[in-house]
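Undergrad: give me a model of this one.
(chains A and B)
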2 protein chains.
Amino acid sequence: MTRLIDALLSPKSIVIVGASADFSKLNGISLRALIDKQYAGAIHPVNPKYSEIAGIKCYPTVEDVPGPVDLAIVAVPQNAVLESIHALGRKKVAAAIIFSSGFAEVGADGIRRQAEIAAAAITVGMRLLGPNCLGVVNAYERVMASFAQLALGDTPGGPFALVTQSGALGSAIIGVAKKRGLHFGYFVATGNECDVGFVEVMEEVIRDPRIKVGAGFIESVRDGPGLVRLASAALSNGRPLVLCKLGRTPAGAKAVASHTGSLAGSDRVFDGICRQYGIVRARNDEQLLDFVSAFVNCPLPEGRRLGILTRSGGAGALMADRASEVGLEMAVLTEGTCERLKSILPEFGSFQNPVDVTGMGMFNPGMIGDAFQMVLDDPHVDVGIIWMGSTREVDFMVEVFLDLKRKARKPFVIAWVGVSDSAMQALAAGNVAVFRGSEPAVDAVAALTAYAQMQRHWVADRLLREVAAPPDLGLPAMDGPVPALVACQILARWGIHIAPMSLAATADQAVSIAAAVGPPVALKIESPDIPHKTEAKGVTLNLHGSEAIRRAFADIISHAHAYSAHARIDGVVVQKMMSGDVELVVGLTNDAVFGAVIMVGLGGILVEVMAEVAIRRAPVTEAEAARMLHELRGHAILDGVRGKPAVDKRALVRCIANVSRFGAAAGDRLVALDLNPVLLSSQSVVAVDVLLVLKNP
Amino acid sequence: MTRLIDALLSPKSIVIVGASADFSKLNGISLRALIDKQYAGAIHPVNPKYSEIAGIKCYPTVEDVPGPVDLAIVAVPQNAVLESIHALGRKKVAAAIIFSSGFAEVGADGIRRQAEIAAAAITVGMRLLGPNCLGVVNAYERVMASFAQLALGDTPGGPFALVTQSGALGSAIIGVAKKRGLHFGYFVATGNECDVGFVEVMEEVIRDPRIKVGAGFIESVRDGPGLVRLASAALSNGRPLVLCKLGRTPAGAKAVASHTGSLAGSDRVFDGICRQYGIVRARNDEQLLDFVSAFVNCPLPEGRRLGILTRSGGAGALMADRASEVGLEMAVLTEGTCERLKSILPEFGSFQNPVDVTGMGMFNPGMIGDAFQMVLDDPHVDVGIIWMGSTREVDFMVEVFLDLKRKARKPFVIAWVGVSDSAMQALAAGNVAVFRGSEPAVDAVAALTAYAQMQRHWVADRLLREVAAPPDLGLPAMDGPVPALVACQILARWGIHIAPMSLAATADQAVSIAAAVGPPVALKIESPDIPHKTEAKGVTLNLHGSEAIRRAFADIISHAHAYSAHARIDGVVVQKMMSGDVELVVGLTNDAVFGAVIMVGLGGILVEVMAEVAIRRAPVTEAEAARMLHELRGHAILDGVRGKPAVDKRALVRCIANVSRFGAAAGDRLVALDLNPVLLSSQSVVAVDVLLVLKNP
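TA: Residues are numbered from 1 along each chain as shown, chains lettered A, B, ... in the order given. Okay, here's the model as predicted:
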């Protein structure tokens, strides 16, 4: 892999197939940029229409180009792409970037054409980026293999990489980054990804020691395990991944499908993966950039206690509001800090967090730096924000902030309403992160603290993850819904407890089982053809006495026949009714992208309507299971409300971890597992209903 | 009122008490700005230290100033303010703006000093703005009565007013507005509001026909009924109010309290008021400005169907995502539109919404305008967004957008990533709203559509509101918790049904009542000293048979004695157990700011933990009650889930409206009403438990 991907990202020589002498055109921009930026390798335009372009020799065909070629830029009409790939193959070119559109994004014909070029590339042993892509810019080596405008501007080579499935969105935001003085090292637009994909490129670029942060726009995760591998490695190596996923709602997913021909995948699963593997998720393009700026410029905070210095009490309140919405804590300053602040602030200032220097900060701007130093030095403060409004003293304030940065041993950022581009650039040059207002500043600090915490969890869980790895216990060769009693046996081996049940073939058997376990009991139809028992009126709860049991048995059998005349009926399960203080649902599904994923949600009909679940890829550690529970709105109920005791959380997280280990072990055999409800009390964690569906390998 | 407030906002003559010849100082800026901007009225600096400042005669005292004076700017140290007010009173000055700090915001001493100056102003018949405020700028009449930087820059007088309790935040955002070519007509910072407050100023400025939108930052609503009056009038007159409330979380409210010495009030109640009276709520300063820009530049959309034209498929997906999150609908374009689009777009474009011109839009920018015209003309589209990234053709695109605006009969906005200030200003001059990215553009469109809908509801509900006005039915003179049976009688007169109950003094009576109503029954302690019955173990449910009832009766009485030895015990209420498919809680409280407010939430322990309620000021119409229900997450349960029938929504909204009318009628007599649970089925709406607490007038 590496040689070929090297050829794509750091080629020593480039051919441009279909190069144009008109530098304003799609097939001219890249050549102009390579020349302007003085790319150090060889540049070979290929086009039978020209003998030279801008003083560089132009060849009629690829085969006429002398010497070895690492990378080809293919900028020809769609119907000439396949032929170009064959020609490049004959020349033994290592990699090609296909700018051309008209492939998978246009429907069936395009999908076929795309498959053809992908197959051709495999045949000739060449890697492909695209088609339908904006290409690559490696700012360090001045590889301008892109028709994006950004290739033409100043590209000094900065500390982040942008890998994007949406080229236009990526290139637009690079323009904004530049205004802020934030420069990229790599820009790679992967287009339709017929070969090289997002994960492979990102893995490669964040291996470059010059890259501190990997940022990306994702429309469709094609390689789920790859993304997990990428994120795990990035988290272990302390390289933050900041991703913005497009198509997080059905409306957005539909838009993604219509313009790329690919599926956005389940957003909830993606979100669970982000939480689990430390991916920082940005809500939109601008937030992506904000987060990149924070990670590039700030060390990670040791905790989530925020100290604020403001010139506006209102802005202080706005930041305190936002901080509490995004999980930060307002630091309580020590008395010593308050005293020191009193010695320099006006008497009508605020000496508590948020510290307010008031409008006097306009007339004595030096006070802002001095006061913030005191805030940041407070042992209760992990991370700081300074709020600024318009000022005549821009240069002075920039110096104050740069000076604070030089002295600071804790992370801090600036929220500067109305900041000028030049001030942003001067601050960026000094590694100070500055944001256009209070909310983006607080959100960026929250991203820093959340990432720091995910990283701490990741490290702390390292050994636990090894323990969580599932053994190979084997599964019966079955296809479809597994009989409840068999499912109970299977799950028992994984330490998952289901309320005891027995199968009754007759009403008499049901009565005698009920007598043995004691009332009340539940009766449930057992049939491989009736997975949804309630729907078929196949469940009766809370039965007392033999008469009721006999009647229920008969009813259930007759309902089953009515529901499905040809259903195979194995009998009726008799189960002692259990009770619990809280209901939970725990389930597994086999996600098309990420494989076995575990879901946990609070139970009960209303919560189902609200569809509140926490999701992770299986397996999870018990610590991760605890974090899943904490993520649920209403999780306070687990700690006991209305005088009820707390549930047995230790047993609960063990149960969730066990279910997840089963899911990971079942792998492709798994279709779904549904434990609903799982009843919780201070004494026990027991699933009442189980639906396990397997498929043959 | 009007004359005095005129003196404050449009004075014909101004004295500056404590004027400085140093124009960079707090007490110099205003004078410099008045001179620079050629304020047309008389300017009289007052300061014994000078005989003239910048060629203008300076007087030793206020009484030395010749002629009548409308407005005084007081820029003296805190301890000289009171004296100044007396002097201004002797001069019969109509209004004064107190810049000076050191009043309510510094604690007890300051509160006392503030009360003194407020009292002095009343005595001399003068209105006060402030203290601790940035003052007033009336850009139309060039009244620069502020020490904010914005008074010094260009202030051409635009279509919105900013009234702000946070001066620094307001003045900072005005700076950003200016960069965007968005100009204000009035800027009023009200500071500590010892006299003139937010509501009064806003009512006044939006009466000015030059003002299209009133925007504001609120830290503390001091005059709840006033805000309701203001918002109602603004909604009736089609003047959008865009407000950002600081202190929406406990952490933010604490920050507000520490810097202003005032309370932020319940954010949930404020939010309900906004929904009820059509106030557009902005989450932060930047969003406030975005919304102002949308309202100033766009007509209101007739529906919520959004049409998007993009040059980036990824950006299209991002906008579709956001649109669905904020309640917009992606328009389904007609076939005719799609065909027309096909005739001008590249074949690999997208002809469905979001319409994607692809990167070809870079090379043929004229296509963007043509294609968007087709989208906006589609009869299924109510409002449009065009997305742009970086381009070499800035001026050309500005012309395209201005041209679209001239032709458009529907609202549209531009999302332009990396837009330059000059392009923004050119577009603003042509009344085109432009935003820095996709999310702010979609959010602004959502604000437009939400406001348009609130206004339609407001108009449609007009007659219903009159019907909803509560009659005067009178309430018993009581103080404290009202006995359950009395509460039932009172509420029955308002059409609120409580499950029938009877009071039993003895166990025998309880048994005979139970026999009359039929099993099962509930027994509940009745005592004015035990409002929370469950806590006192004063409730037993689901009782069958006389033995169980006798035992429960005895237990309840003994628990009550144990709970409170001196509690007066009126007996035990016997109530037939009711059932329902869904539980609701309906309540009233007497909010300190807004008076009687009604709350509706889904019931059950889990939902209580999640604390999900809809809130409105009482009374509400049945239509408003329906909107409250719709606001609840999980409201789908009312329509019937898991095979249950829908509840009787007509009876439910009538019940909510009736409760609200009772609340409005009870007025100050009300402490709280709690109907929990209210049981809903397809047949009935009945409250089971009632707690009504009144107080004497």
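Undergrad: burial measure for A:His380, as a count.
TA: 15 (other Cβ atoms under 10 Å in any protein chain shown). Using the backbone N, CA and C atoms, a C-beta is placed for each residue, glycine as well.
Undergrad: that one against A:Leu333, yeah?
TA: Yes. Using Cβ atoms under 8 Å, A:His380 is in contact with A:Leu333, at 6.3 Å.
Undergrad: mutual contacts of those two, please.
TA: A:Gly307 (Cβ atoms under 8 Å, 6 or more residues apart in numbering or on different chains).
Undergrad: just checking, next helix/strand downstream of the helix or strand of chain A with the lowest mean pLDDT?
TA: For chain A, counting by mean pLDDT, DSSP states H and E, helix A:605-610 ranks last in confidence among helices and strands (a mean of 68). Heading C-terminal from helix A:605-610, the first helix or strand you meet, by DSSP states H and E, is strand A:613-617.
Undergrad: and for that next one, what's in contact with it?
TA: A:228, A:268-269, A:271-273, A:275-276, A:585, A:594-601, A:624, A:628-629, A:631-632, A:660.
Undergrad: quick one: it to chain centroid distance?
TA: Relative to the chain's own centre, strand A:613-617 is displaced by 12 Å; criterion: Cα atoms, centre = their mean, to the nearest Å.
Undergrad: now the element after that strand, going C-ward?
TA: Downstream of strand A:613-617, the next assigned helix or strand under DSSP H and E is helix A:622-631.
Undergrad: in that following helix, what's buried?
TA: A:Glu622, A:Glu624, A:Ala625, A:Ala626, A:Arg627, A:Met628, A:Leu629, A:Glu631 (16 or more other Cβ atoms under 10 Å in any protein chain shown).
Undergrad: can you check stretch A:644-658 too?
TA: A:Val647, A:Asp648, A:Lys649, A:Ala651, A:Leu652, A:Val653, A:Arg654, A:Cys655, A:Ile656, A:Ala657, A:Asn658.
Undergrad: please name the nearest non-neighbouring residue to the first one.
TA: In this case it means A:Val647. A:Leu680 (3.9 Å; Cβ to Cβ, 6 or more residues apart in numbering or on different chains).
Undergrad: who's in contact with that neighbour?
TA: A:Leu680 neighbours (Cβ under 8 Å, 6+ apart): A:Gly580, A:Asp581, A:Val582, A:Glu583, A:Leu584, A:Leu638, A:Val647, A:Asp648, A:Leu652.
Undergrad: now, which of the residues you listed lie within strands?
TA: A:Val582, A:Glu583, A:Leu584 (DSSP state E).
Undergrad: now those in TSV, with neighbour count, distance to A:Val459 and pLDDT?
TA: Shown next, in TSV, are the ones in strands among the contacts of A:Leu680 (neighbours: other Cβ atoms under 10 Å in any protein chain shown; distance: Cβ to Cβ, whole Å; pLDDT from 0 to 100):
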residue	neighbour count	distance to A:Val459	pLDDT
A:Val582	23	32	89
A:Glu583	19	34	90
A:Leu584	27	29	92
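Undergrad: coming back round to it: may I have the phi/psi pair for the residue nearest to A:Val647?
TA: phi -120, psi 140 (degrees, to the nearest 10).
Undergrad: list just the nearest of the buried residues of stretch A:644-658 to chain B.
TA: Nearest to chain B among these, counting by Cβ to the nearest Cβ, is A:Val647 at 13.2 Å.
Undergrad: quick check: that closest one touching A:Glu583?
TA: No. Judged on Cβ under 8 Å, A:Val647 makes no contact with A:Glu583 at a distance of 10.5 Å.
Undergrad: if you skip the residues just before and after it, what's nearest to the residue of the stretch 1-150 of chain A found nearest chain B?
TA: Going by Cβ to the nearest Cβ, chain B is nearest to A:Ser101 of the stretch 1-150 of chain A, at 4.1 Å. Excluding its sequence neighbours, the residue lying closest to A:Ser101 (Cβ to Cβ, 6+ apart) is B:Phe348, at 4.1 Å.
Undergrad: repeat for A:Lys342
TA: Using Cβ to Cβ, 6+ apart, the closest residue to A:Lys342 is A:Phe351 (5.4 Å).
Undergrad: count of neighbours near that neighbour?
TA: 20.
Undergrad: repeat for A:Arg550
TA: The burial count for A:Arg550: 16, using other Cβ under 10 Å.
Undergrad: so what's it up against?
TA: A:Ala507, A:Ala510, A:Val511.
Undergrad: next, give phi and psi for the residue nearest to the first one when sequence neighbours are not counted.
TA: In space, not counting the residues next to it along the chain, A:Ala507 is nearest to A:Phe553; the distance is 4.1 Å by Cβ to Cβ, 6+ apart. Comment: the main-chain dihedrals of A:Phe553 come out as phi -60, psi -50, following degrees, to the nearest 10.
Undergrad: which phi and psi does the closest residue to chain B within the stretch 51-200 of chain A have?
TA: Residue of the stretch 51-200 of chain A nearest chain B, by Cβ to the nearest Cβ: A:Ser166 (2.4 Å). For A:Ser166, the backbone dihedrals are phi -110, psi 100 (criterion: degrees, to the nearest 10).
Undergrad: if we ignore the residues flanking it in sequence, what's nearest A:Ala87?
TA: Using Cβ to Cβ, 6+ apart, the closest residue to A:Ala87 is A:Val62 (4.5 Å).
Undergrad: residues in contact with A:Glu685?
TA: Actually, residue A:685 is Val rather than Glu. With Cβ under 8 Å, 6+ apart, A:Val685 has these contacts: A:His497, A:Val647, A:Asp648, A:Ala651, A:Leu652, A:Arg654, A:Cys655, A:Val678, A:Leu679.
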